[in-house]
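Visitor: Let's see this in three dimensions:
(2 chains)
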Amino acid sequence: MYYRTSGYRLFEAINYALLTVVSLSCLLPFVHILAVSFSGSAAANANLVGLVPIDFNWEAYRKTIGNPNFINALVVGVERTLLGTAVSMTVMTLAAYALSKDAHGFSSRVAYAWFFVFTMLFNGGIVPMYMLIRGIGLMNSIWALVLPVAVNVFNMVLLMNFFRTVPRELEEAALIDGSGHFRTLATIYLPVSLPAVATITLFTMVFHWNSWFDGLLYISDYRKYPLSTFLQTIIVQQDFNKVDLDVNELKNISQRTVKAAQIFIGTLPILLVYPFLQKYFVKGIVLGAVKE
Amino acid sequence: MFREKWSRTWPFHVMLWPACALTLVFAYVPMAGLVMAFQDFKPAKGIWHSPFVGLKHFEFMFDYPDSRQVIINTLVISVLKIAFGLLVPFVFALLLNEVRRILFKRVVQTIVYLPHFISWVILGGILTDMLGTEGIVNRTLKQLGLKPVFWLGDGDWFRFTVVVSDIWQNFGFNAIVFLAALAGVNPSLYEAAEVDGAGRWKQTLYITIPAMLPIAVVVGTLSLGNILNAGFDQIFNLYNPLVYDKGDIIDTFVYRTAILNSQYSFGTAVGMFKSVIGLILIVAAYRLAYRYAGYKIF
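Guide: Here you go, the predicted structure:
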C-alpha cells in the first residue's frame, strides 16, 4: 500500500504539521482577543498579552455591561436580527414554495424566477439605494435594516431546491384531503424540510447579526445603531463624530481590554450557533451547487 | 404547455407577491434611480427636477486620476484574490484528502470554516490590533531580530495583507466544493491504480486532480463576475488615508465621494460603471461555464 512507503510517511508528517499550523492560524486570533479582554489593562496596553491572560480579571466585561450605550446597541442588534430573520424567512418560504411548483400548470413561474434572478446580476448601487431609503422616509428606522435585505435570492433558490425534494405524493394526499396550499406548506413542507429551513434561518440570522454597513448608511442616530454598526464606528474606527459621550466614557470604552471584551461579545452569538450551522451548511452548499 | 388556470394557481401568485413587492421597491426602483448618473442631482430638487448633463460624470471618471487609480487598485486586488482564492482551497482540499484520521480531519474542517462567518468588523478589529506597529505580530518580529512591517500603513504591504487575510478568511469554506468533488470519486479507481503500481503521487496526478478540475473551472469562471468586487467590507475596515493610493477600491471610493462628500451623481456614475461591467462579466462567465463545464444554474 502507498502509505507504507517512507516517502509517503514523511509527506504525512509534514502534512499533519502544516494542517495543524493552518488550523491554529484560524483559531489563535480569537484566543488572543479573548486573552486581552481578561487581562489587566497595564499588561494589555504594554502588549504583553499573548494567548494567556495576564492579571486575570473581569473588569473589562464589568465596564462593558455597565455601559448603557453598549447594552442599547446589543438590544437593537438582537431586535434587528429577530425581526429581520422573521420577515425574511416568511417572505422567502412563501415565494420558494410557489417557485418549487411547475406541475400545476403554473407557467408564470419562469417569469417570476427571472424577475428575482435578474437582481442577482444587476443592481443600482448604493447611491440610488440611499436616496430611496431617504425618499420613502425609512431613515433612522429599523425597517431600513430589515426590508431591503428581506429577499435573498440565493437563499430562496436553496429553499426552493429543498422543497422540490419533498415527495409529490405527500402534497397530493394533502390537496385531495382538502388542504389548501398555505396549509400544505405549513403542515407538510415546513416540518418535512425542517433541517433545510433551520439552516437557512441560521444563515439569515448570522447575516443580520454581522451586517453593519446598512446601519452606517441609513441610521444617523448612534443610539439606534445595531451592535455591529456600533462596534464598527465607535470601537474599531473610533469615529466619535456622531457621538456625544463625555470624555470619561470615551476613555472607558476605547481602553484596549474593554475594546477586546466588546469585540468578543460581538462574536459570541456566532460562536454559539456555529456548531449547528456547521452541521448543515456543508450539505446545503453541496446541494445548492450540484444539480442535475 | 397547459394554459395557466387562475382558479388553480392563485395561491402561488399570492405567495409570491410579498417577495415581488419587496424586490420591486428595493431592487428595481434603485435601478431606475441610476438615471441620477446622467444628471446633476441635487437632493433639494429631487430626481424629477435635477438637470440632465449627459455623460459628463462618466467622462470625468476616466479623466480624473483618482478614479482611474481606484479602478486599477480594484483590478489588482481582486485578480490576486481570485487567483489565490482558487489555488489555496484547491491545495488545501488535496492535503486534507490525504488525512486518514477522521477525527483530525473533522477538527481541522470545523476550525477553518469559522472565520468565514465572522464579520469584517470583528476581524478588522482583531487584525488592526494584532498588525499595528506595536501589535503582537510586530513585537514577535522584533524579538526575532527582524524589522517591523507596516502591514496596514504601507500601500504594497496593505495589498499583501488584504489578499492574505481574505484567503485566510475563506479558504476553508471555499474548499467545501472541492472536498465534495473528492468524496464522489469512485474508490475502485484508486484500487485499480494501486494494482497497476501507481504511487500516491501518480494517483493524485491522474485521479484526484482530474476529479477536481471541472468544479475548479466552474468556480474560477464564475468568480470572474466578481472582478470589480475587491471586498468592500474588508477594505473599509482595514484601510486608512495612508494607503488610499494603493488600497482604495471602487466601492470605498463611491462611499466616500457620494455619501460623505455628497457628490451623488458622480458616485452613481462610478457605481453604475461597476454594475454594468459586472453584469457583462457574469453573463459571459455563465456562458463560458456552461460551454466548457456544462454548468447550469437553472
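
Visitor: pLDDT below threshold where in chain B?
Guide: Within chain B, the segments meeting pLDDT under 70 span B:1-3, B:293-298.

Visitor: can we see that at 80?
Guide: Chain B contains residues with pLDDT under 80 at B:1-4, B:289, B:292-298.

Visitor: So in it, which helix runs the longest?
Guide: Longest helix in chain B, counting residues (DSSP state H): helix B:65-97.

Visitor: repeat for chain A
Guide: Looking across chain A with DSSP H, the single longest helix is helix A:256-289.

Visitor: For that helix, the averaged confidence score.
Guide: On average, the pLDDT along helix A:256-289 is 81.

Visitor: Tell me the gap between it and the middle of its chain.
Guide: 8 Å (C-alpha atoms, centre = their mean, to the nearest Å).

Visitor: OK, contacts around A:Val110?
Guide: Listed by C-beta atoms under 8 Å, 6 or more residues apart in numbering or on different chains, A:Val110 has no contact partners. (Each C-beta comes from the backbone N, C-alpha and C, glycine too.)

Visitor: and it, what helix or strand is that in?
Guide: Assessed by DSSP states H and E, A:Val110 sits inside helix A:109-121.

Visitor: Likewise for A:Thr81?
Guide: helix A:68-99.

Visitor: now do B:Phe158
Guide: Per DSSP H and E: helix B:155-174 holds B:Phe158.

Visitor: can the very next helix or strand once past that helix be found next to chain A?
Guide: Using DSSP H and E, the helix or strand that follows helix B:155-174 in sequence is helix B:176-183. Yes - counting by C-beta under 8 Å from any C-beta of the partner chain, chain A has neighbours in helix B:176-183: B:176-177, B:180.

Visitor: Flag the shaky bits of chain A, pLDDT-wise.
Guide: Ranges of chain A meeting pLDDT under 80: A:1-4, A:103-105, A:234-254, A:279-292.

Visitor: who touches A:Met139 in this structure?
Guide: Each residue near A:Met139 by C-beta under 8 Å, 6+ apart is listed here: A:133, A:218-220.

Visitor: ChimeraX command for the buried members of the residues you listed?
Guide: A single ChimeraX command selects the buried members of the contacts of A:Met139 (16 or more other C-beta atoms under 10 Å in any protein chain shown):
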select /A:133,218,219
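
Visitor: And the contacts of A:Met139, which is closest to chain B?
Guide: When the contacts of A:Met139 are ranked by distance to chain B (C-beta to the nearest C-beta), A:Ile133 comes first, at 8.9 Å.

Visitor: So that closest one is in contact with A:Trp143, correct?
Guide: No - when contacts are counted by C-beta atoms under 8 Å, A:Ile133 is not listed as touching A:Trp143 (9.5 Å).

Visitor: Could you give the separation of stretch B:90-100 from the chain centroid?
Guide: For stretch B:90-100 - counting by C-alpha atoms, centre = their mean - the centre lies 23 Å from the chain centre.

Visitor: Buried by neighbour count: which residues of it qualify?
Guide: By 16+ other C-beta under 10 Å, the buried positions in stretch B:90-100 come out as B:90, B:92-99.

Visitor: possible to save those as TSV with distance to chain A?
Guide: As requested, the buried residues of stretch B:90-100 are exported to TSV (distance: C-beta to the nearest C-beta, whole Å):
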residue	distance to chain A
B:Phe90	14
B:Phe92	7
B:Ala93	11
B:Leu94	10
B:Leu95	5
B:Leu96	7
B:Asn97	10
B:Glu98	6
B:Val99	7
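
Visitor: Need these in CSV (columns: distance to B:Met36).
Guide: Formatted as CSV, these follow (distance: C-beta to C-beta, whole Å):
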residue, distance to B:Met36
B:Phe90, 42
B:Phe92, 44
B:Ala93, 45
B:Leu94, 49
B:Leu95, 50
B:Leu96, 49
B:Asn97, 51
B:Glu98, 55
B:Val99, 54
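
Visitor: Now do the same for the residue most central in space within chain A: helix, strand or coil?
Guide: Most central in chain A under C-alpha atoms, centre = their mean is A:Val206, positioned 1.7 Å from the mean C-alpha point. Secondary structure, DSSP: H, G, I helix; E, B strand; the rest coil: A:Val206 is helix.

Visitor: so what's it up against?
Guide: The contact partners of A:Val206, taken as C-beta under 8 Å, 6+ apart, are A:270, A:273, A:277, B:117.

Visitor: So what does the closest residue to A:Pro148 other than its chain neighbours look like in phi/psi?
Guide: In space, and not counting its chain neighbours, A:Pro148 is closest to B:Phe26: 4.2 Å by C-beta to C-beta, 6 or more residues apart in numbering or on different chains. Main-chain dihedrals, B:Phe26, degrees, to the nearest 10: phi -100, psi 0.

Visitor: doesn't A:Leu145 make contact with B:Phe26?
Guide: No - here B:Phe26 does not reach A:Leu145: they are 11.9 Å apart, not a contact under C-beta under 8 Å.

Visitor: So for those two, which residue has more residues nearby?
Guide: The neighbour comparison of B:Phe26 against A:Leu145 (other C-beta atoms under 10 Å in any protein chain shown) goes to A:Leu145, with 27 against 22.

Visitor: Any part of the helix or strand hosting that one near chain B?
Guide: For A:Leu145, the host element (DSSP H and E) is helix A:143-146. No - using C-beta under 8 Å from any C-beta, helix A:143-146 never reaches chain B; the gap is at least 10.0 Å.

Visitor: Could you list the buried residues of the very next helix or strand once past that helix?
Guide: Later in the chain than helix A:143-146, the nearest helix or strand by DSSP H and E is helix A:153-164. Using 16+ other C-beta under 10 Å as the test for burial, helix A:153-164 gives A:153, A:155-163.

Visitor: can you count the residues close to B:Ser119?
Guide: Using other C-beta under 10 Å, B:Ser119 has 23 other residues around it.

Visitor: what number of residues lie near the closest residue to it other than its chain neighbours?
Guide: Nearest residue to B:Ser119, sequence neighbours excluded (C-beta to C-beta, 6+ apart): A:Asn210, at 3.5 Å. Neighbourhood size, A:Asn210 [other C-beta under 10 Å]: 22.

Visitor: need the contact list for the closest residue to A:Thr119 other than its chain neighbours.
Guide: Of all residues not flanking A:Thr119 in the chain, B:Ala27 sits nearest, at 4.0 Å (C-beta to C-beta, 6+ apart). Contacts for B:Ala27 were tallied using C-beta under 8 Å, 6+ apart; they are A:119, A:123-124, A:151.
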